[in-house]
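whatever this is, show me its structure:
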Amino acid sequence: MEEKNKIIQYFYTHVYQSYLYAGGPSQAGQAYASKFLESRFHVNQPRSILEIGGGSGEHLSHVKSTPLELYASIDLRDTKVDIESLNIDDKLKQVLKFDVGNVQALPYESQIFDRVLGTCVLHHISDPFAALQEVRRVARAGAEICFVLPTDPGILNRLIKKFVTFPKLRKLSSYPPELFYALDHQNHVESLIQIFKYVFREDQVSICYSPFRLRSWNLNLLVTLKATKS
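Numbering: from 1, shown residues only. Prediction:
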């Protein structure tokens with residue numbers, strides 16, 4: 001376990017930011033995923049938003065609706081973000097806070113968020129069932145919950161990795177990128193879809209694929225799982 005954690009920590013400390021913001025397909029892909037997720041929301045003026053796995057604030061510049069009271073971004077790692085240095089709207093800065101915590105045991109009261117979101121985070125969680133139960137617990141009635149996921153290990157996803165992602169990561173990392181994904185992408189996209197549908201079985205659930213309209217994770221790159229809590 002110690003060596004596994006060392007490899008994962010190395011990737012996020014020394015590789016992730018360089019890969020994500022080096023321009024080209026990786027940066028464009030991150031922006032596309034964030035915009036795709038935001039397009040799924042319909043409540044225009046939420047009071048409070050919770051972002052799961054917010055990292056260093058990569059998604060924040062794509063937020064369409066600034067909440068009236070609170071935007072909480074929680075992550076396992078303390079990214080020590082200087083809010084004033086972020087290139088985001090001043091109104092968002094005023095309600096933004098970064099928390100350190102585990103989605104499987106969220107440090108928030110029940111039914112306090114109007115919107116919960118996450119970009120490419122559910123693949124990494126050791127117990128997505130418990131995590132999604134916690135997400136539902138902290139969401140108010142009528143809240144919109146939305147996660148965008150890469151379609152790992154779909155056919156199109158694997159092709160993009162082989163010819164685009166992995167060659168670039170090999171130039172940045174002393175570990176093979178295949179190893180990192182094997183260690184940190186623990187959950188199959190179909191498993192996550194089924195868990196999401198069960199946890200939110202009493203709510204209105206919709207599933208949307210991109211970039212193609214085919215309802216197949218093998219033939220798409222992203223899928224968004226959305227629930228509107230009853």
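
isn't residue 78 right next to residue 56, touching?
No: the pair formed by residue 78 and residue 56 falls short of the contact definition of C-beta atoms under 8 Å, at 10.6 Å. To be clear about C-beta, it is placed using only N, CA and C from the backbone, and glycine gets the same treatment.

which of those two has more neighbours?
The residue with the greater number of neighbours, taking residue 78 and residue 56 and applying other C-beta atoms under 10 Å, is residue 56; the counts read 18 against 9.

gap between residue 227 and residue 114?
13 Å (C-beta to C-beta, to the nearest Å).

overlap of the contact sets of these two?
residue 144 (C-beta atoms under 8 Å, 6 or more residues apart in numbering).

low-confidence regions, the chain specifically.
In the prediction, the chain carries residues with pLDDT under 70 at positions 20-26.

OK, contacts around the residue most central in space within the chain?
If you average the C-alpha coordinates of the chain and look for the closest C-alpha using C-alpha atoms, centre = their mean, you land on residue 119, 1.9 Å from that point. When contacts are counted by C-beta under 8 Å, 6+ apart, residue 119 is found next to 30, 33, 34, 37, 53, 58, 59, 147, 148.

which one's the longest strand in this protein?
Secondary structure assigned by DSSP state E gives strand 139-150 as the longest strand of the chain.

pull out the buried residues from the next helix or strand after that one.
The helix or strand immediately downstream of strand 139-150 is helix 155-160, counting by DSSP states H and E. Neighbour-count burial for helix 155-160, counted by 16 or more other C-beta atoms under 10 Å, picks out 156, 157, 160.

same deal with stretch 72-80?
By neighbour count on 16+ other C-beta under 10 Å, the buried set for stretch 72-80 is 72, 73, 74, 75.

now swap in stretch 31-42 and tell me
Applying a neighbour-count criterion of 16+ other C-beta under 10 Å, the buried positions in stretch 31-42 are 32, 33, 34, 36, 37, 38, 40, 41.

now do the end-to-end distance for stretch 169-186.
End-to-end distance for stretch 169-186: 19 Å, by C-alpha to C-alpha, to the nearest Å.

which residues does it contact?
Stretch 169-186 is touched from outside by 4, 7-8, 10-11, 14-15, 18-19, 123-126, 152, 161, 165-166, with contacts defined as C-beta under 8 Å, 6+ apart.

and the strands in the chain?
Listed in chain order, the strands of the chain (DSSP E) span 48-52, 70-75, 96-100, 113-119, 139-150, 204-210, 222-228.

so the fourth one versus strand 48-52, what angle?
Translated: strand 113-119. Taking axes from the mean of the first three to the mean of the last three C-alpha atoms, to 10 degrees, strand 113-119 and strand 48-52 form an angle of 20 degrees between their directions.

what sits against residue 84?
Contacts of residue 84 were listed using C-beta under 8 Å, 6+ apart, and they are residue 93.
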